[in-house]
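[1] Compute the structure for the input listed below.
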Amino acid sequence: MTSQEQGSLPGSVSRWKLWGQLIRLPTSMTLLADALAAVAVSQCEYPWRAVGILLPASLAIYWAGMILNDWFDVAKDRQQRSRRPLASGAIGLNQAAMAGWGLLLFAMIWTIAATIFVKEEGFDSKASGTVVLWCLSLIAAVVLYDGPLKKTILAPWLMGVCRGLHWMFAFSLIQVVGGAVGLQLPKIAYVIAIIMTLYVAGVTWFARREADAKPSTSLLLFGSTLMVAALATLASLPWWLNQWIPEAQENSMFGLLVAMSGVLLGRRLLTAIGDPRPETIQLGVKQSLLSLILLDAYLGYWWSGSFWGAGIAMLMVPAIWLGGKFRTT
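    Model prediction:
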């Protein structure tokens, strides 16, 4: 049980805070960062329109995933994390089910409507179909992770796939509703999605048994290795991507920034590996998740300049503030 879960009884917490706990409000900032970074990398013609259309769908799917995660796990949480909103009964299971499944339905309808109506040059069935396919794939991966595959060895990889699919969904939607995009987007989209898939899979392996009395050191090492591999690949991206995509921008500062974040994160991970207690592991998980915002900020800076980079990095402020009030795992 985390320190946040050991606080006030659910009955003394306001309604909006209960829902904020349920949807993991602090880590929602990482989805905002992903969406903004995807728009920045795409260099689309109408960035703010793309942001306005992408964010409702992205957040709806993310929040639905968080709600359904606890909905599927409510029996286990009643034994191990009894102060969580669903386990304590502060939020009803029927309410949670309606909210979770309803948000997924909203995301699907919103996406289909956007691909049909927000298109300057008429309806493009192929491009719109691609967006819907990525959206359906993301929703399916979220439901499979929360439900039948949660306790299997596939679960951490599937969690990483969810993040990668979100990037592909974001890029495909931006191509339809954001106007003209950079020539490099189709190739760079897959590269970023794969790297983020590997990183988030590493975070999930690292957090696999965070609540256990004796966490597995081997899982901590494996998760850390995956995260380091993803960061190393991302840091070297400007160099080797330029060999593959001639029009890709070189930026030595990008690699340095990623490396610096990797060093800071590595210290936290090593601390958890050397002292594998739930408290140290949860701090490692928290920093790993919040580091996603910085990685997105670096991507925004690389492709669209300091305005986008600084703007995305500013999401660290509400993320840290909310992290002090709500649980992140």
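
[2] Quick check: which ranges of this structure have low pLDDT?
    Applying pLDDT under 70 to the chain flags the ranges 1-13, 119-125, 183, 210-213, 245-249, 329.

[3] the helices in it, which residues?
    Per DSSP state H, the chain carries helices over the ranges 15-22, 25-42, 47-72, 74-80, 93-117, 125-146, 155-177, 185-206, 217-235, 237-244, 252-274, 278-304, 306-313, 316-323.

[4] Show me what counts as buried in the first one.
    Which is helix 15-22. Across helix 15-22, burial judged by 16 or more other Cβ atoms under 10 Å covers 17-22. Every C-beta, even on glycine, is put in place using the N, C-alpha and C of the backbone.

[5] One more: the fifth one?
    By neighbour count, with 16+ other Cβ under 10 Å as the criterion, the buried positions of helix 93-117 are 96, 99-100, 103-104, 107-108, 110-111, 114-115.

[6] tell me which residues in stretch 54-72 are buried?
    54-55, 57-72.

[7] ditto for stretch 144-163
    Applying a neighbour-count criterion of 16+ other Cβ under 10 Å, one finds 144-146, 149-150, 155-163 buried in stretch 144-163.

[8] same thing with stretch 76-95?
    Of all the residues in stretch 76-95, those buried under the rule 16+ other Cβ under 10 Å are 77, 81, 83-88, 90-91.

[9] Just these: which are in strands?
    Nothing among the buried residues of stretch 76-95 maps onto strands, per DSSP state E.

[10] In the residues you listed, find the pair that's most separated.
    Pairwise distances across the buried residues of stretch 76-95 peak at 13.8 Å for Arg81 and Ile91 (criterion: Cβ to Cβ).

[11] Show residues contacting stretch 220-233.
    Under the criterion Cβ atoms under 8 Å, 6 or more residues apart in numbering, residues 156, 195-196, 198-199, 201-208, 258-259, 261-262, 265-266, 269-270, 272-273, 276, 281, 288, 295 lie in contact with stretch 220-233.

[12] I'd say Trp101 and Ala64 touch.
    Yes. Trp101 sits in contact with Ala64 when judged by Cβ atoms under 8 Å, with a separation of 7.3 Å.

[13] what's the neighbour count on Gly266?
    Gly266 sits with 14 neighbouring residues when counted by other Cβ atoms under 10 Å.

[14] Nearest spatial neighbour of it, chain-adjacent residues omitted?
    Computed as Cβ to Cβ, 6 or more residues apart in numbering, the closest residue to Gly266 that is not its neighbour in sequence is Val228, at 7.0 Å.

[15] ditto for Met159
    Using Cβ to Cβ, 6+ apart and skipping residues adjacent in sequence, the residue nearest Met159 is Thr204, 4.3 Å away.

[16] Val177 too?
    Once flanking residues are discounted, Val177 sits nearest to Val118: 4.5 Å by Cβ to Cβ, 6+ apart.

[17] In contact with that neighbour, which residues?
    Counting by Cβ under 8 Å, 6+ apart, Val118 touches 49, 53, 176-177.

[18] cool, and Trp110?
    53, 56-57, 60.

[19] Tabulate the residues you listed in TSV, adding columns for distance to Pro26.
    Shown next, in TSV, are the contacts of Trp110 (distance: Cβ to Cβ, whole Å):
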residue	distance to Pro26
Ile53	24
Pro56	19
Ala57	21
Ala60	18
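
[20] so which of those comes closest to Ala40?
    When those are compared against Ala40 (criterion: Cβ to Cβ), the nearest one is Ile53, at 15.6 Å.

[21] What number of residues are in the vicinity of that closest one?
    Using other Cβ under 10 Å: Ile53 sits among 23 other residues.

[22] rewinding a little: just the buried residues of helix 15-22 now: which is nearest Gly182?
    Gly20 (36.4 Å).

[23] Nearest residue to the closest one in space, please, no chain neighbours.
    Nearest non-adjacent residue to Gly20 (Cβ to Cβ, 6+ apart): Phe326, at 5.4 Å.

[24] For the one you found, the count of nearby residues, please.
    By the criterion of other Cβ under 10 Å, Phe326 has 18 neighbours.

[25] ok, now Gln243?
    Neighbours of Gln243 (other Cβ under 10 Å): 8.
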